[in-house]
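> Build the 3D model from these lines:
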Amino acid sequence: MLRVHCTSCYQSYPNTGLPYRCPRCSGLFDYEDEIIFSPFEIEPQLPGVWRFRHTFGFEPIIHPISLGEGRTPLVEDRLDQRSVMFKLEFLNPTGSFKDRGSSLLVSFMASRGVAEAVEDSSGNAGASFAAYTARAGIHGKVFVPDSTAGPKRRQIEAYGVEIIRVMGPRSNASEAALNAARSGVVYASHAYLPFGIPGYATIAYEIFEQLNGKPGTVICPVGQGGLVLGIYRGFRALMNAGAIEELPKIIGVQARACAPLWALYEFGRIGLDWSTEGQTVAEGIRIFHPVRGDLVLAAITHSQGRILAVEEEEILPARDELAHRGFYVEPTSAVVWVALRSLLDSVPEPIVLVLTGSGVKYWN
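Numbering: from 1, shown residues only. As a prediction, the model looks like this:
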């Protein structure tokens, strides 16, 4: 089993319960060990992403809670004579890549006997949490910002969880969930808890299989950054296994209206002095205080990638351009298409764009 410990005091994750932070020092939990990948241990008979179960670091007794997530298509296209591949993560069961992480997190929750839990989300994580907790028979409650798109709220409610709308910016919903956690409720946070990250890493294994090798570049939206961390750790596992010789460049994209990681990457700590939690149609990445921000920056730097911020007026036209190519995605996904145009001549092929969420979640 992969060891999980507090990154501050190095206390191991407890054998019972589901604390979202270290009970001893309030530090952040993360994996102590790197993911281990072996092509000989893939179990194709298991559902969804669970065919890569050997990479999760879970005890054998943990039962998979799965809705068939993963195995999403990789579709080839060209832009200005360059090879571009689209990883269609919006075709996961609830319409976003979050299902890969939710399957693991909720399976772990069920193994710990959790009967009730809360989460906060601007939409996709909440819908995924709601679906998988419903599948597991766990009662869920989701705090969402009042600005969350109507289709996302309705999807969360459809799974039978309680939804609580919180006025103000996205960070207020997070604070409401933290307040609930302080009262003793289990906080099944996709940001604080690390157990979903190996689920996101399965994107790397699938891309490797679909390309019969590694991509030159992977471009994805960045909010909390779990997707970037998962993809990075997945490709590191492939490299450590000798399946690839080097990492692809990982490019993270934020909306300029709320781009704290871009500000840090470009200007250092001083960049945060003028960074804001501004309004953006890319609501899925409107995260002003990414919990694992330093790890995300380190992953992107180690892959020789970078972080970009795109202007607000570019996002909806990019969404429309993707739709005209056959990809019906939400604005959060479209930031990668904006970024591609500025990177097209400077990054190696094949270029993979991760399309993270479905357009049916945004358009009314």
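
> going forward, measure contacts between C-alpha atoms and count neighbours the same way
OK.

> just so I have it, where are all the strands in the chain?
4-6, 29-31, 74-79, 82-88, 116-120, 139-145, 162-166, 217-221, 249-255, 306-310, 351-355 (DSSP state E).

> got a list of contacts for the fifth one?
Strand 116-120 is contacted by residues 126, 129, 138-144, 173-174, 177, 180-181, 185-190 when judged by CA atoms under 8 Å, 6 or more residues apart in numbering.

> And for this structure, the residue most distant from the center?
Gln81 (30.2 Å; CA atoms, centre = their mean).

> Which parts of the protein belong to which domain?
1-31, 74-96+195-361, 98-182 (automatic domain parsing).

> could the ones you listed go into JSON lines alongside mean pLDDT and distance to Ile61?
Output for the domains of the chain, formatted as JSON lines (pLDDT from 0 to 100; distance: least, CA to CA, whole Å):
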{"stretch": "domain 1-31", "mean pLDDT": "95", "distance to Ile61": "12"}
{"stretch": "domain 74-96+195-361", "mean pLDDT": "96", "distance to Ile61": "16"}
{"stretch": "domain 98-182", "mean pLDDT": "93", "distance to Ile61": "8"}
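
> contacting residues around Glu321?
Neighbours of Glu321 in contact, by CA under 8 Å, 6+ apart: none.

> how close does it sit to Pro260?
27 Å (CA to CA, to the nearest Å).

> likewise Thr7?
Thr7 is 22 Å from Pro260, by CA to CA.

> now swap in Pro23 and tell me
Applying CA to CA to Pro23 and Pro260 gives a distance of 28 Å.

> Look at the two and report which has more neighbours.
Counted by other CA atoms under 10 Å, Pro23 and Pro260 do not tie: Pro260 has more neighbours, with 28 against 12.

> ok, now how distant is that one from Leu297?
Taking CA to CA, one finds Pro260 at 11 Å from Leu297.

> Kindly report the same for Thr276.
In terms of CA to CA, Thr276 sits 18 Å off from Leu297.

> check contacts around Ile244.
Taking CA under 8 Å, 6+ apart as the test, what Ile244 contacts is Gly213, Lys214, Leu238.

> ugh, wrong one, Phe195
Phe195 neighbours (CA under 8 Å, 6+ apart): Gly101, Leu104, Leu105, Phe108.

> quick one on the thing from earlier: using JSON lines, lay out the domains of the chain together with distance to Ser66.
As requested, the domains of the chain are exported to JSON lines (distance: least, CA to CA, whole Å):
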{"stretch": "domain 1-31", "distance to Ser66": "20"}
{"stretch": "domain 74-96+195-361", "distance to Ser66": "10"}
{"stretch": "domain 98-182", "distance to Ser66": "6"}
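
> Just give me the residue right at the centre of the protein.
Leu227 (3.4 Å).

> Am I right that it is in contact with Ile197?
Yes. At 7.4 Å, Leu227 counts as touching Ile197 under the criterion of CA atoms under 8 Å.

> Would you confirm that Gly140 contacts Thr133?
Yes. If you go by CA under 8 Å, Gly140 and Thr133 touch, sitting 6.6 Å apart.

> ok, for Arg269, nearest residue in space, not its chain neighbours?
Ala263 (7.9 Å; CA to CA, 6 or more residues apart in numbering).

> What's the local residue count around Asn240?
17.

> which residues does it contact?
For Asn240, counting by CA under 8 Å, 6+ apart, the contacting residues are Ile36, Phe37.

> how close does it sit to Gly234?
On the measure of CA to CA, Asn240 and Gly234 end up 10 Å apart.

> what does Val185 give?
32 Å.

> Looking only at neighbour counts, state which of those two leads.
Comparing Val185 with Gly234 by neighbour count (other CA under 10 Å), the higher total belongs to Gly234, at 29 against 16.

> Skipping its backbone neighbours, what lies nearest that one in space?
Ala201 (4.3 Å).

> For the protein, just list every one of the helices.
Remark: helices assigned in the chain by DSSP state H are 98-111, 124-136, 150-158, 170-182, 197-211, 226-240, 260-267, 293-302, 312-324, 331-343.

> mind putting these in CSV, distance to Leu46 included?
Converted to CSV, those look like this (distance: least, CA to CA, whole Å):
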stretch, distance to Leu46
helix 98-111, 13
helix 124-136, 17
helix 150-158, 27
helix 170-182, 33
helix 197-211, 14
helix 226-240, 19
helix 260-267, 37
helix 293-302, 30
helix 312-324, 33
helix 331-343, 29
